[in-house]
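S.K.: pasting a predicted model and its sequence here:
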Amino acid sequence: AQLTLTLTSPGGLTGATVDPQGRLTVPANTTPGPYTLTYQICVNPATTPAACDTATVTVNVLGQPDLQVSKTHSPAVFTERHTGTYTIAARNTGGFATSLPYTVVDTLPAGMTVAAVPTGSGWDCSTTALGATSATCTASTPIAAGASAAPITLVVNVAAGACAAPDANGLCSVANGTALVNHVRISGGGESGAGGTGDNNTATDPTPVQQAGAISGRVWGDTNHDRVQSGSESGVAGMAVEVLDAPPMRWVTTVSTDWSRAPALPCASAIRSAAPTSAARSPTTRPAATTRPLPPARAWSPAARSAT
């Protein structure tokens, strides 16, 4: 003989069901609280007289977390052939702590790839591959009601050509017909329902991109001090030239005067000074907005410059 179990009164727990093994399923978004259910157990096949019994059970339904994800990026405008950083934040806006692991999946805009495995206290991002177009991080540390998880830091590479057709402001918001928007989603944590509670399980972050500029020039011994290189004035090798970004005149790079290559740098850059390579200071000690004069008998002349 077998036993059959029937839920005869859900006690206000609308939509609750019991399977043949006696497992109770509670619908998503059920109001938390205690519910007293009545059920009947019978012998199958039926006997005469019927071999049935009725019982009650009190079930305490707990509330669920409500995970929310958001993100920002820095700098405000990404530049081709440079890196940019996304910061992803996960928060529990529900009334109860998370009870299961939760996962964040970040999908990058066109022209961007993962430059380093994402980091964040308590997060495991080891499945994310360098050069990939998406990143995945999982954590199991409970997030209390109203609290936030540690942020995730994701550094990306911006490819050359990511901004092929800049607008009048020198920026690209679309590449190859696709908007340059970062998409992120969070799931799990014990939050039930399709896509979680509400519409806060996803977020977007539009990320404008600008082209990189190229700059080149020469340093020579300006013997007559007219700042024009004549045929008798030869170039000087081994000089360090400092390149600055647009205001607030942040240091970008220092290049030597072999001029075998032009550095990639954000547009609207400026040249600060030329000095012997041995005299160049490190970026950590270099002031951000001062100018050093050129050494005597040497001059700098930018030969070419592109800017947006």
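M.R.: Cool, the structure landed. Numbering: from 1, shown residues only.
S.K.: need the pLDDT of Pro109.
M.R.: With respect to pLDDT, Pro109 scores 96.
S.K.: so it sits against Ala175, correct?
M.R.: Yes - between Pro109 and Ala175 there is a contact under C-beta atoms under 8 Å: 7.3 Å. Using the backbone N, CA and C atoms, a C-beta is placed for each residue, glycine as well.
S.K.: so between those two, which is more surrounded?
M.R.: More crowded of Pro109 and Ala175, by other C-beta atoms under 10 Å: Pro109, with 26 against 19.
S.K.: OK, contacts around the more buried one?
M.R.: Contacts of Pro109 were listed using C-beta atoms under 8 Å, 6 or more residues apart in numbering, and they are Ala175, Thr178, Ala179, Leu180, Val181, Asn182, Thr207.
S.K.: gap between the last one and Ala116?
M.R.: This means Thr207. Per C-beta to C-beta, to the nearest Å, Thr207 is found 17 Å from Ala116.
S.K.: of those two, who's got more company?
M.R.: Thr207 (25 against 16).
S.K.: which one of the contacts of Pro109 sits in the busiest neighbourhood?
M.R.: Thr207 (25 neighbours).
S.K.: I'd assumed Leu180 was in contact with it.
M.R.: Yes - assessed by C-beta under 8 Å, Thr207 is found in contact with Leu180 at 5.3 Å.
S.K.: next up, the contacts around Leu3.
M.R.: Residues in contact with Leu3 (C-beta under 8 Å, 6+ apart) are Ile41, Cys42, Val43, Asn44.
S.K.: gap between the second one and Leu3?
M.R.: What that stands for is Cys42. For Cys42, the distance to Leu3 equals 7 Å [C-beta to C-beta].
S.K.: phi first, then psi, for the most centrally placed residue in the chain.
M.R.: For the chain, the residue nearest the mean C-alpha position is Tyr86 (3.4 Å; C-alpha atoms, centre = their mean). Phi and psi for Tyr86, reported as degrees, to the nearest 10, are phi -110, psi 140.
S.K.: distance check, it against Ala97.
M.R.: For Tyr86, the distance to Ala97 - C-beta to C-beta - is 26 Å.
S.K.: Cys163 now?
M.R.: Using C-beta to C-beta, we find Cys163 at a distance of 43 Å from Ala97.
S.K.: and Ile143, by the same measure?
M.R.: According to C-beta to C-beta, Ile143 stands 6 Å off from Ala97.
S.K.: need the overlap of contacts for these two.
M.R.: Here Ile143 and Ala97 share the contacting residues Pro65, scored by C-beta under 8 Å, 6+ apart.
S.K.: what about these two, which has more around it?
M.R.: A count of neighbours by other C-beta under 10 Å puts Ile143 above the other of Ile143 and Ala97, at 22 against 18.
S.K.: about what we covered before: between the contacts of Leu3, which is closest to Val57?
M.R.: Ile41 (11.6 Å; C-beta to C-beta).
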